[in-house]
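1. Pasting the sequence and the predicted coordinates here, then a few questions.
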Amino acid sequence: MIKDVIVALDFPTREETLSFLDQFPAGSKPFVKIGMELFYAEGPQIVRDIKARGHKIFLDLKLHDIPNTVKRAMAVLSRLDVDMVNLHAAGAGEMMRAALEGLTRSDGTRPLLIAVTQLTSTDAKALKNELLIDVPMAETVLSYAKNAADSGLDGVVCSPLEAALVKERCGADFVTVTPGIRFADSAAGDQKRMMTPEKAGKSGCDLIVVGRPITQAEDPVAAYQRAVTDFLG
């Protein structure tokens, strides 16, 4: 898996999104993430527009429903020609296997499919007291990751703190996509299990997702380049 930095396009409108991307020079096409805010605001056309500009796209909609519904939804998403999509591992194996079936096109091709283990905004206290999961965070993440691997998925979303453990459990080729990335001088925001790009690069992370430290920077292009340099070393 090629290591890369994914920029989270957490904008509410098409205009703001394309204005942000216009700041990058013609030869620079960052891997980008389109999440719920932008997708719900602008619909599938924003995916097509950004793909037409030459960007790789991680469509981050975190599907979680009964297997048949997820299967049919994934069949629709597979037509958008994105590079990676995701779902919640908490939906369990039958749902994940159905998603994989729906995502696979008639010619056998499909985007990467990854599963969200636990959100990086969830800490051990919430895991135990609100989700009623009475085992350590790392053990929960590893169990979810193993279920995803056994269901045929390509990888998981996890915090950078668990990436190396996931690699040990599921294999070197199992993709780790890690949000919760902040520069040492960035505000934490709502992230609780975090790591700098430099440390993430040494911790088993394949793809790191960086949002506000880049999108809200005074110079987003410089911030992106800093993240790439720090991550790749």
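-> All right, it came through fine.

2. C-alpha from now on. contacts and neighbour counts both.
-> OK.

3. Partner strands of the longest strand along the chain, with direction?
-> Assignment by DSSP state E gives strand 57-63 as the longest strand of the chain. Sheet pairing of strand 57-63 (DSSP bridges) gives strand 31-34 (parallel), strand 84-88 (parallel).

4. ok, residue 82 - how many residues close by?
-> Neighbourhood size, residue 82 [other C-alpha atoms under 10 Å]: 20.

5. sec struct for it, please.
-> At residue 82 the chain is in coil, as set by DSSP: H, G, I helix; E, B strand; the rest coil.

6. OK, contacts around the residue nearest to it when sequence neighbours are not counted?
-> In this structure, residue 82 finds its nearest non-sequential neighbour in residue 57, 5.3 Å apart by C-alpha to C-alpha, 6 or more residues apart in numbering. Applying C-alpha atoms under 8 Å, 6 or more residues apart in numbering, we find residue 57 in contact with 31-34, 47, 51, 82-84.

7. Please list the residues outside stretch 147-165 that contact it.
-> With contact meaning C-alpha under 8 Å, 6+ apart, stretch 147-165 is reached by 89, 92-94, 96-97, 100, 112-120, 138, 141-142, 145, 170, 174-181, 193-195, 200, 203-205.

8. element containing residue 24?
-> According to DSSP states H and E, residue 24 maps onto no helix or strand at all.

9. can you check the one 4 residues further on too?
-> For residue 28, there is no enclosing helix or strand under DSSP H and E.

10. Against residue 132, how distant is the residue nearest to residue 82?
-> From residue 57 across to residue 132, the span is 34 Å (C-alpha to C-alpha, to the nearest Å).

11. Next, the distance between the ends of stretch 212-219.
-> With C-alpha to C-alpha as the measure, stretch 212-219 spans 12 Å from end to end.

12. Buried residues of that stretch, list them for me.
-> Residues of stretch 212-219 classed as buried under the neighbour-count rule (16 or more other C-alpha atoms under 10 Å) are 212-215.

13. State the pair within those residues that is farthest apart.
-> Farthest apart among the buried residues of stretch 212-219 by C-alpha to C-alpha are 213 and 215. That separation is 6.1 Å.

14. still on that earlier bit, the strands paired with strand 57-63: which one's closest to residue 231?
-> So among those, strand 31-34 is nearest, using C-alpha to C-alpha, at 14.2 Å.

15. now what about the closest one, what contacts it?
-> Outside of strand 31-34, the residues within contact range by C-alpha under 8 Å, 6+ apart are 4-10, 47, 55-60, 209.

16. Closest one of those to residue 74?
-> For the contacts of strand 31-34, the closest approach to residue 74 (C-alpha to C-alpha) belongs to residue 59, at 11.1 Å.

17. which regions of the protein lie under the pLDDT threshold?
-> Scanning the chain for pLDDT under 70 picks out 1, 186-194.

18. Mind jotting down where the strands sit in it?
-> 4-8, 31-34, 57-63, 84-88, 112-116, 155-157, 175-178, 207-210.

19. give me the number of residues near the closest residue in space to residue 155 that isn't next to it in sequence?
-> In space, and not counting its chain neighbours, residue 155 is closest to residue 175: 4.2 Å by C-alpha to C-alpha, 6+ apart. For residue 175, the neighbour count with other C-alpha under 10 Å is 27.

20. Residue 63 and residue 70: what is the separation?
-> Distance from residue 63 to residue 70, counting by C-alpha to C-alpha: 7 Å.

21. which neighbours do those two share?
-> Listed as contacting both residue 63 and residue 70 by C-alpha under 8 Å, 6+ apart is no residue at all.

22. Number of residues surrounding the closest residue to residue 105 other than its chain neighbours?
-> Spatial nearest neighbour of residue 105, excluding adjacent residues (C-alpha to C-alpha, 6+ apart): residue 78 at 7.1 Å. Neighbourhood size, residue 78 [other C-alpha under 10 Å]: 19.
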